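kindly generate the corresponding structure for this input.
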Amino acid sequence: MDKEKEILAAALKLFVEFGFHGTPTSKIAKEAGVANGTLFHYFNTKEDLIVALYNGIKENLNYYLLSKVKDEDALEMRMKTIYSESLYWALIHRDEFFFIQQFNFSPHVSKVSEEDKEKQTRLYACLLMEGINNDMFKSLSVDLIATLLGSHLYGVHKYLVSNDLSSTKQQEIIDETFVLIWQMITKN
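As a prediction, the model looks like this:
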């Protein structure tokens with residue numbers, strides 16, 4: 001298992017630095033300190049490695065978010081928690097967050113299984129459906145609301161990492177931008 005983790009860590013580092021096309025498997029194997037054949041023992045293809053890395057990062061992010069959400073909180077607070085904690089996670093795990101963005105705009109995204117997609121979006125989808133079922137959200141499709149939320153989160157993250165802000169100022173911006181997105185999607 002350690003070799004697999006080393007391969008994934010090396011792949012993350014190199015994909016973030018050089019992109020998918022600029023990172024041959026031989027470079028990943030060398031960075032991980034394993035033979036090229038060892039890499040292919042764990043991952044049949046480079047694409048399998050890319051998708052496995054993505055799925056692992058998304059699983060870790062979702063596990064983190066689930067640990068922060070309190071089921072007894074109102075929907076607005078649960079969504080704010082996911083929004084805020086996603087940004088805090090992204091600020092700490094910059095390479096992983098960059099990789100998620102890179103992956104989502106690549107052809108590799110089509111290789112994620114339906115089962116994995118469902119697992120990765122379950123938390124968000126349940127909250128969005130709750131808001132729709134309770135007639136809290138504007139008449140927008142779930143996909144559009146999810147796209148708006150994701151785009152907003154990526155934009156705020158870019159702003160936070162592009163500016164030298166204190167943690168207090170970051171918190172203020174995260175709180176204020178959640179209010180903006182909440183007002184944009186809700187009826188009230």
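
send me the lengthiest helix in the chain as CSV with only the CA atoms.
In the chain, with assignment by DSSP state H, the single longest helix is helix 46-68. This file holds the C-alpha atoms of helix 46-68, laid out as CSV (Å, rounded to 0.1, in the frame of the first residue of the first chain):
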residue,chain,number,x,y,z
LYS,A,46,-2.1,6.6,-16.8
GLU,A,47,-5.8,7.4,-17.1
ASP,A,48,-6.6,4.8,-14.4
LEU,A,49,-4.0,6.6,-12.2
ILE,A,50,-5.5,10.0,-12.8
VAL,A,51,-9.1,8.8,-12.1
ALA,A,52,-8.0,6.9,-8.9
LEU,A,53,-6.2,10.0,-7.7
TYR,A,54,-9.3,12.1,-8.3
ASN,A,55,-11.6,9.6,-6.6
GLY,A,56,-9.3,9.4,-3.6
ILE,A,57,-9.1,13.2,-3.2
LYS,A,58,-12.8,13.6,-3.5
GLU,A,59,-13.4,10.8,-1.0
ASN,A,60,-11.1,12.5,1.5
LEU,A,61,-12.8,15.9,1.0
ASN,A,62,-16.3,14.4,1.4
TYR,A,63,-15.2,12.5,4.5
TYR,A,64,-13.9,15.8,5.9
LEU,A,65,-17.1,17.7,5.1
LEU,A,66,-19.3,15.0,6.5
SER,A,67,-17.4,15.3,9.8
LYS,A,68,-18.2,19.0,10.0
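
counting by contacts, list what it packs against.
With contacts taken as 3 or more CB pairs under 8 Å, 6 or more residues apart in numbering; DSSP states H and E, helix 46-68 sits against helix 2-18, helix 25-32, helix 75-92, helix 94-104, helix 114-133. Where C-beta positions appear, they are placed from N, C-alpha and C, glycine not excepted.

wait, doesn't Leu87 sit right on Val156?
Yes - Leu87 lies in contact with Val156 (CB atoms under 8 Å); the separation is 6.3 Å.

list residues touching both of those two?
Ile174 (CB atoms under 8 Å, 6 or more residues apart in numbering).

sorry, back to before: can you redo the helices and strands packed on helix 46-68 as CSV with mean pLDDT?
Conversion of the helices and strands packed on helix 46-68 to CSV gives the following (pLDDT from 0 to 100):
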stretch, mean pLDDT
helix 2-18, 97
helix 25-32, 97
helix 75-92, 97
helix 94-104, 96
helix 114-133, 93
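
Tyr54: which of those helices is closest?
Checking these against Tyr54 by CB to CB gives helix 94-104 as the closest, at 4.7 Å.

and that closest one, what does it pack against?
Against helix 94-104 (3+ CB pairs under 8 Å, 6+ apart) you get helix 2-18, helix 46-68, helix 142-162.

just the buried positions in the longest one, please.
When neighbours are counted by 16 or more other CB atoms under 10 Å, the buried residues of helix 46-68 are found to be 46, 49-55, 57-58, 61-62, 65.
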